[in-house]
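Peer 1: Could you look at this predicted model? Sequence included:
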Amino acid sequence: MSDEVVLEVRNLTCRFGGLYAVDNVSFQVRRGEIFGLIGPNGAGKTTVFNLITGMTPPMHGEVFYKGVNITSKRPHEIAMLGIARTFQNIRLFGALTALENVMIARHIHTRSGMIEGVFGLPPAPQEERAIRQRAMELLELVGLADSAEMQARNFSYGDQRRLEIARALALEPELLLLDEPAAGMNQNEKSALSAFIRRVREQFNLTIVLIEHYVPLVMGLCDRIAVLNFGQLIALGAPEKVQNDPAVIEAYLGD
Amino acid sequence: MEGFLSTYGSAIVQMALAGVLALSLYLPLMAGQLSLASPGFYAVGGYVAALLSTRVFTGFPNGSYPILLIALEMVVAGGVSALFALIIGIPSLRLRGVYLALATIAFVEVLRVFALNQPWLGGAVGIYNIPQPFFSATRVEYLLLALPLLLVSTLFVARLERSRIGRAFVALREDELAASAMGIRPTYYKVLAFTIGAVLAGMTGALNAHILNTWNPRQGTFDLAILILAYVLVGGSRTFLGPVIGGAFLVALPEIILREVADAPGLHPAIATFLRDGRLILFGVLIAVSVFFFPYGLVTPNLFKRRRKTNVPRLEAAKAAPKVSRG
């Protein structure tokens, strides 16, 4: 892990009606880190992801990616800069096959337009072969290569989460945001996921921010953790430190 | 065959054109946009051809108007329609679902009222005596133009569907937010799909102006929008073949199939009369029935997929199951 800051969130505030979903939250994520974002239900974790990826405009505050202010950029522009995400409520292209799901995510790394595609002119055929091959490799990586031709909506919950990760990796991101990757997985899958996330970080030189409810996974996996409660950042630091923070214990267990 | 063609020549040409019109609505739908603007572009295309052939390319005796000039008019009509599509599409494609449908209907209606009140477009009478390339009562010769138009459009959409751009369209249809998180620019691809659709509708209008010999504000109205929507929904909205087959089938149904059935020998005269006179009622009933029994249309992508790996794990599981229970 280096000291280079990949992602910085500064005084981020987002209000839905009278509710502060995210209230003056600031943190930095360093290159190569696995950064955990935890907190009780409704703490604003997913909203932080939506603010980072441009899907919800913030009321105040800014988001910097590698020193560039990306606060007012659109989701597709942010994806092109190298930030990929998965979704808490899985958002696969359900009617399409696993392979097509991953192939679509190669969009920003290919260039052929309508005319090239329709008439099979270069670079379309070469790109098409490369897209297919890369997509198969990624399906192999997440262990879904055997069901490449199966419709995404027919996968089990855990497999859908894996497919979402494969699709996000197809963007070749530098920063990967995982929204509850272990939700819906059984115990064995959860322990395998931890090792998988580490392996993926090494292999793709990723910085990872993950939202997770399952505490053992977070504690064992993350380098640092930020804890949100009612939209506010109540603790930030190494897992051991956060685990023993009185404010965190109170937020999770109540008085 | 000769008799069949001379009886139904015009219907057969219209079957081909219905397929192209259906594709023009299918394209925005492929990108998840329910647009009913096709008749508008169809009307624009028709007026372009009517104006060009009666005001600009004059001096050809009727019956010998060059086919190449019609092709040229179709290209111009496609271009003008594309221009309209860009002007209409960029603001209105921000709307979603029924709101977009409503906005596009408004466009069709505005065009109709505009044409009705413009003397240079012939007002309510429209533009008539559009020159013919053939001396033909049945219009079957127009297949020379209609069939290539259908074939080229179908191939174009089929190829597009399997390309990077087509995948971007489909991603937007399946989940716009997820697609944008994959780096796909929603507005750009929606406008692109809408514009390609407009080109197809404009070209169809240009050709049909010659076939019908006249063009007026009653061409390309709201009724046609609903009919085209039926072509796509009955045929199938998930693969390019659906609209083509839906269009051909729904034109053939009242004009050819029901007439032929009514003429079948041995049929009770009362039934034959009902089939002949009530064929439009039957047509409506059959649309309702087909939507009920084939909610995804007659042609679905699954029809073409071989039973591939999808079934393999299930078979293996079935084989493995007894062993597990024994152990």
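Peer 2: Now that the structure is in, tell me what you want to look at.
Peer 1: What pLDDT does the model give residue B:292?
Peer 2: With respect to pLDDT, residue B:292 scores 86.
Peer 1: Am I right that it sits in a strand?
Peer 2: No: assigned with DSSP: H, G, I helix; E, B strand; the rest coil, residue B:292 falls outside any strand and is helix.
Peer 1: Dihedrals phi and psi, residue A:90?
Peer 2: Phi and psi for residue A:90, reported as degrees, to the nearest 10, are phi -30, psi 130.
Peer 1: Do I have it right that it meets residue A:167?
Peer 2: No: counting by Cβ atoms under 8 Å, residue A:167 is not a contact partner of residue A:90; they are 10.5 Å apart. To be clear about C-beta, it is placed using only N, CA and C from the backbone, and glycine gets the same treatment.
Peer 1: So which of these two has more stuff around it?
Peer 2: Using other Cβ atoms under 10 Å in any protein chain shown as the criterion, residue A:90 and residue A:167 rank with residue A:167 on top: 29 against 20.
Peer 1: Am I right that residue A:175 is in contact with residue A:85?
Peer 2: No: in this structure, residue A:175 is not within contact of residue A:85 by Cβ under 8 Å, at 9.0 Å.
Peer 1: Where do the strands of the stretch 151-255 of chain A begin and end?
Peer 2: Along the stretch 151-255 of chain A, counting by DSSP state E, counting those that start in this stretch, strands occupy A:175-179, A:207-211, A:224-229, A:232-237.
Peer 1: of all those, which lies closest to chain B?
Peer 2: Set against chain B and scored by Cβ to the nearest Cβ, those come closest in strand A:175-179, at 9.6 Å.
Peer 1: and that closest one with chain B, contact?
Peer 2: No: under the criterion of Cβ under 8 Å from any Cβ of the partner chain, chain B is not reached by strand A:175-179; the shortest gap measures 9.6 Å.
Peer 1: Need the strands of the stretch 151-255 of chain A in a markdown table (columns: distance to residue A:245).
Peer 2: Formatted as a markdown table, those follow (distance: least, Cβ to Cβ, whole Å):
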| stretch | distance to residue A:245 |
| --- | --- |
| strand A:175-179 | 23 |
| strand A:207-211 | 19 |
| strand A:224-229 | 7 |
| strand A:232-237 | 4 |
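Peer 1: could you dump those strands to CSV with mean neighbour count and mean pLDDT?
Peer 2: As requested, these are exported to CSV (neighbours: other Cβ atoms under 10 Å in any protein chain shown; pLDDT from 0 to 100):
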stretch, mean neighbour count, mean pLDDT
strand A:175-179, 25, 97
strand A:207-211, 25, 97
strand A:224-229, 24, 95
strand A:232-237, 18, 95
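Peer 1: Indicate which one of those strands is closest to residue A:69.
Peer 2: strand A:175-179 (15.2 Å; Cβ to Cβ).
Peer 1: now the closest one, how far from the chain's geometric center?
Peer 2: In this view, strand A:175-179 has its centroid 2 Å away from the chain centroid, taken as Cα atoms, centre = their mean, to the nearest Å.
Peer 1: which secondary structure elements does the particular helix or strand that has residue B:148 in it contact?
Peer 2: Assigned by DSSP states H and E, residue B:148 falls within helix B:143-161. Under the contact definition 3 or more Cβ pairs under 8 Å, 6 or more residues apart in numbering or on different chains; DSSP states H and E, helix B:143-161 sits against helix A:114-119, helix B:2-30, helix B:67-92, helix B:164-174, helix B:186-212, helix B:241-252.
Peer 1: which one of the ones you listed lies closest to residue A:24?
Peer 2: helix B:186-212 (31.1 Å).
Peer 1: just checking, next helix/strand downstream of the closest one?
Peer 2: Once the chain leaves helix B:186-212, the next helix or strand it forms, by DSSP H and E, is helix B:222-235.
Peer 1: Just the CA atoms of that next one, as CSV, please.
Peer 2: Extracted in CSV, the C-alpha atoms of helix B:222-235 (Å, rounded to 0.1, in the frame of the first residue of the first chain):
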residue,chain,number,x,y,z
PHE,B,222,-51.7,8.1,-34.7
ASP,B,223,-53.7,5.1,-36.0
LEU,B,224,-50.6,4.0,-37.9
ALA,B,225,-48.5,4.3,-34.7
ILE,B,226,-50.8,1.9,-32.9
LEU,B,227,-50.7,-0.5,-35.9
ILE,B,228,-46.9,-0.4,-36.0
LEU,B,229,-46.8,-1.0,-32.2
ALA,B,230,-49.0,-4.1,-32.8
TYR,B,231,-46.6,-5.3,-35.5
VAL,B,232,-43.8,-5.2,-33.0
LEU,B,233,-45.7,-6.6,-30.0
VAL,B,234,-47.3,-9.4,-31.9
GLY,B,235,-44.2,-10.3,-33.8
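Peer 1: Which neighbouring elements make contact with that helix?
Peer 2: So helix B:222-235, by 3+ Cβ pairs under 8 Å, 6+ apart, packs with helix B:2-30, helix B:38-51, helix B:97-116, helix B:241-252, helix B:279-293.
Peer 1: ok and the residue in chain A nearest chain B?
Peer 2: For chain A, Cβ to the nearest Cβ, closest residue to chain B: residue A:117, 2.8 Å.
Peer 1: can you list the residues of the stretch 51-200 of chain B near chain A?
Peer 2: So the stretch 51-200 of chain B meets chain A at B:156, B:159-160, B:162-168, B:170-171, B:174-175, B:177-186, B:192, B:196 (Cβ under 8 Å from any Cβ).
Peer 1: what about the helices and strands packed on helix B:143-161, which gets the closest to residue A:182?
Peer 2: When these are compared (using Cβ to Cβ), the closest one is helix B:164-174, at 24.8 Å.
Peer 1: from what I can see residue B:153 touches residue B:21, true?
Peer 2: No: shown here, residue B:153 and residue B:21 do not form a contact pair, counting by Cβ under 8 Å, at 9.8 Å.
Peer 1: With neighbour numbers in mind, choose between these two.
Peer 2: residue B:21 (30 against 26).
Peer 1: Would you check how far apart that one and residue A:63 are?
Peer 2: 46 Å (Cβ to Cβ, to the nearest Å).
Peer 1: Which residues are in contact with each of residue B:153 and residue B:21?
Peer 2: Contact criterion Cβ atoms under 8 Å, 6 or more residues apart in numbering or on different chains; residues shared by residue B:153 and residue B:21: residue B:200.
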